[in-house]
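Peer 1: Pasting the sequence and the predicted coordinates here, then a few questions.
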Amino acid sequence: MADFQRFLPTLLRFEGGYFNDITGPGIMYKGITLATFQHCAERLLGIEPTLHALLALTDEQAGTIYKALHWDVVGGDHMTFQPVANIVSDFHVSSGEAATRLLQRVLNALGSSLNVDGRVGPVTLAALHGADQYAVYTRYKHARGEYYRELVRSRPVLARYLHGWLERVAAFPDFPAVERAREH
C-alpha cells in the first residue's frame, strides 16, 4: 500500500515556506492557510491556533495536517501504487474534491462506471485496484494539467498561477514503457 511518509517530502517541496497572497487565501506557511490552521490545530495537534504557532509549524506537524485533511480523504493508505496516491493527494491539496472527482472520471474512462461524487469509498477503491495503475496515473497527470488550463479559461484572473500549477504537475515523473514492462 501507499505510504504517506514517502509522499510528505514531495509535498513539502511544493508547499514550503511562508506566503501571503492578499488576493487569495491570505497567509500560508508550508502551504497551510491560517484559516485552515485555525480550524484544525487544536483537534489535530493539540495546540492553540495562533499565527505564531502556524509560523512555528514543524514538518511533522504539517504532515499531520496534510495526512488528515488530504491523504486520508482521498484514501491514500488504501491505494496500492504510490505514484497514484501521491498525485491524487497532491491535487487534493490545491483543489479539494476536484481531485477525487477527476480520479473517478479517469477510472470511468478506463472502463469503470462510477458515480462521480468526489468521495473515495470502497467502490472507487475497488475500481482503482482493478485498473492498470500506470494508465490511471498517466491519464490523471494529463487531465490534471487540462483541469488547470480550463480553470484559467473560465476564470482568467487565475492565469498568474497557471505556470506554477503546470510546473507542479510536470514535477511528477512520467513512466517510460520500459519501466512498465518490468513491472508486469
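Peer 2: Ah, there it is.
Peer 1: Domains in this structure, by residue range?
Peer 2: 1-72, 80-184 (automatic domain parsing).
Peer 1: Same list, these, but as a markdown table with mean pLDDT and mean neighbour count please.
Peer 2: To be clear about C-beta, it is placed using only N, CA and C from the backbone, and glycine gets the same treatment. Converted to a markdown table, the domains of the chain look like this (pLDDT from 0 to 100; neighbours: other CB atoms under 10 Å):
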| stretch | mean pLDDT | mean neighbour count |
| --- | --- | --- |
| domain 1-72 | 95 | 16 |
| domain 80-184 | 93 | 16 |
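Peer 1: which residues in this protein form strands?
Peer 2: Per DSSP state E, the chain carries strands over the ranges 18-21, 26-29, 32-33.
Peer 1: In a markdown table, list the ones you listed along with distance to residue 100.
Peer 2: Shown next, in a markdown table, are the strands of the chain (distance: least, CB to CB, whole Å):
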| stretch | distance to residue 100 |
| --- | --- |
| strand 18-21 | 25 |
| strand 26-29 | 22 |
| strand 32-33 | 20 |
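Peer 1: for these, which one sits closest to residue 111?
Peer 2: With distances scored as CB to CB, the stretch of those nearest to residue 111 is strand 32-33 (37.2 Å).
Peer 1: Can you tell me the strand partners of the closest one and which way each runs?
Peer 2: The strands beside strand 32-33 in its sheet (DSSP bridges) come out as strand 26-29 (antiparallel).
Peer 1: what sits up against the partner strand?
Peer 2: 17-21, 33-35, 37, 51, 54-55, 57 (CB atoms under 8 Å, 6 or more residues apart in numbering).
Peer 1: so how far is it from its chain's centroid?
Peer 2: Put simply, strand 26-29 sits 18 Å off its chain's centre (CA atoms, centre = their mean, to the nearest Å).
Peer 1: Send over it as PDB, restricted to the C-alpha atoms.
Peer 2: Coordinates of each C-alpha in strand 26-29 appear next as PDB, following Å, rounded to 0.1, in the frame of the first residue of the first chain:
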ATOM      1  CA  GLY A  26      -4.000  35.000   2.700                       C
ATOM      2  CA  ILE A  27      -1.200  33.900   5.000                       C
ATOM      3  CA  MET A  28       0.100  30.400   4.400                       C
ATOM      4  CA  TYR A  29       3.000  28.600   5.900                       C
END
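Peer 1: i'd like the first residue to be 691 from this point on
Peer 2: Okay, residue one is now 691; in that scheme the one you just asked about reads as strand 716-719.
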